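> everything below, folded, please.
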Amino acid sequence: MNESKTKNLVGTGLCMALGLLLPQLFHAIGAGTVFLPMHIPVLLCGLCFGWQYGLICGVITPLLSSILTGMPPIFPVGLTMMFELAAYGALTGLLYRKFNLNIYIALIGSMLAGRIVSGLASTLFYGMAGKEYGLQLFLTGAFVTSIPGIILQIIIVPLLVIALEKGRVVTQPIKLSA
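Below is the predicted model:
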C-alpha cells in the first residue's frame, strides 16, 4: 500500500473517530441537533482525502455511532443520516478535489445537495416508519434549527482544511491550468 493511500485511510479513521466523539460532547451540553457535530468530520474527510473516503466516512460514522452509543437511533434517523452524510463526504471530495472548485463553493454546494438527499431519504424512511414528514419538517430541520451548525461548518471546516494543507498534513488538490 502506498504512503498516500495509507495517509488517506488513517485520516479517514481519525475523521470517523471525531464523528463519534464530537456528538457526545455536543449532546452533553444539549447542542447536538443545533450544531450538527457529526457533519464536521465527514465534510473534512471528503475535502481532505477525496470523495471515496468521504463517502465511506459518511456511511460508516452514523452507523457506528448508532451501534456504539444508540445515537442516532438506527431507524429512521440513522439510516437517513447515512445517506445525508455519504452525500456530504462524496460531494465535498468530488467538487473540491476532482473538479477543483473553490473550497467554499464545494462546501456550500455539498451542504445543499446533502440536505436534499436527507429530505428524500427522510420522506422514504419516515414514511416506512409510519411517521409524518413533510416540507415544513424538512425546512425546519435542514435549515432553521441547524443555522448555528451551518454557520459553524462554513467558518470552521475551510479553516481546518486550509491549515492542514498549509502544514502539508494533507495534500492540496491539483489545480487545473486555464
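
> contact partners of the lowest-mean-pLDDT helix or strand in the chain?
Between all helices and strands in the chain, the lowest mean by mean pLDDT, DSSP states H and E belongs to helix 32-35, at a mean of 86. Under the contact criterion C-beta atoms under 8 Å, 6 or more residues apart in numbering, helix 32-35 has outside partners 23, 26, 71, 145-146, 148-149, 152. Yep, even glycine has a C-beta here, placed from its N, CA and C like the rest.

> just the buried ones out of those, please.
Among those, those buried by neighbour count (16 or more other C-beta atoms under 10 Å) are 23, 26, 71, 146, 149, 152.

> give me the residues contacting the helix or strand hosting the last one.
In other words, residue 152. Element membership for residue 152, per DSSP states H and E: helix 147-166. With contact meaning C-beta under 8 Å, 6+ apart, helix 147-166 is reached by 34-37, 39-40, 43-44, 47-48, 103-104, 107-108, 111, 143, 170-172.

> pull the CA atoms of it into PDB?
The C-alpha trace of helix 147-166 is given here as PDB (Å, rounded to 0.1, in the frame of the first residue of the first chain):
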ATOM      1  CA  ILE A 147     -28.500  27.600  11.200                       C
ATOM      2  CA  PRO A 148     -25.800  27.700  14.000                       C
ATOM      3  CA  GLY A 149     -24.300  24.400  12.700                       C
ATOM      4  CA  ILE A 150     -24.400  25.600   9.100                       C
ATOM      5  CA  ILE A 151     -22.600  28.800  10.100                       C
ATOM      6  CA  LEU A 152     -20.100  26.800  12.200                       C
ATOM      7  CA  GLN A 153     -19.300  24.500   9.300                       C
ATOM      8  CA  ILE A 154     -18.800  27.300   6.800                       C
ATOM      9  CA  ILE A 155     -16.400  29.000   9.200                       C
ATOM     10  CA  ILE A 156     -14.500  26.100  10.800                       C
ATOM     11  CA  VAL A 157     -14.300  23.500   8.100                       C
ATOM     12  CA  PRO A 158     -12.400  25.600   5.400                       C
ATOM     13  CA  LEU A 159     -10.100  27.000   8.000                       C
ATOM     14  CA  LEU A 160      -9.200  23.500   9.200                       C
ATOM     15  CA  VAL A 161      -8.600  22.200   5.600                       C
ATOM     16  CA  ILE A 162      -6.500  25.200   4.700                       C
ATOM     17  CA  ALA A 163      -4.400  24.800   7.800                       C
ATOM     18  CA  LEU A 164      -3.900  21.100   7.200                       C
ATOM     19  CA  GLU A 165      -2.900  21.900   3.600                       C
ATOM     20  CA  LYS A 166      -0.500  24.700   4.600                       C
END
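
> burial count for the nearest residue to residue 137 once chain neighbours are set aside?
Excluding its sequence neighbours, the residue lying closest to residue 137 (C-beta to C-beta, 6 or more residues apart in numbering) is residue 122, at 7.8 Å. Residues within reach of residue 122, counting by other C-beta atoms under 10 Å, total 24.

> perfect, I'm done here.
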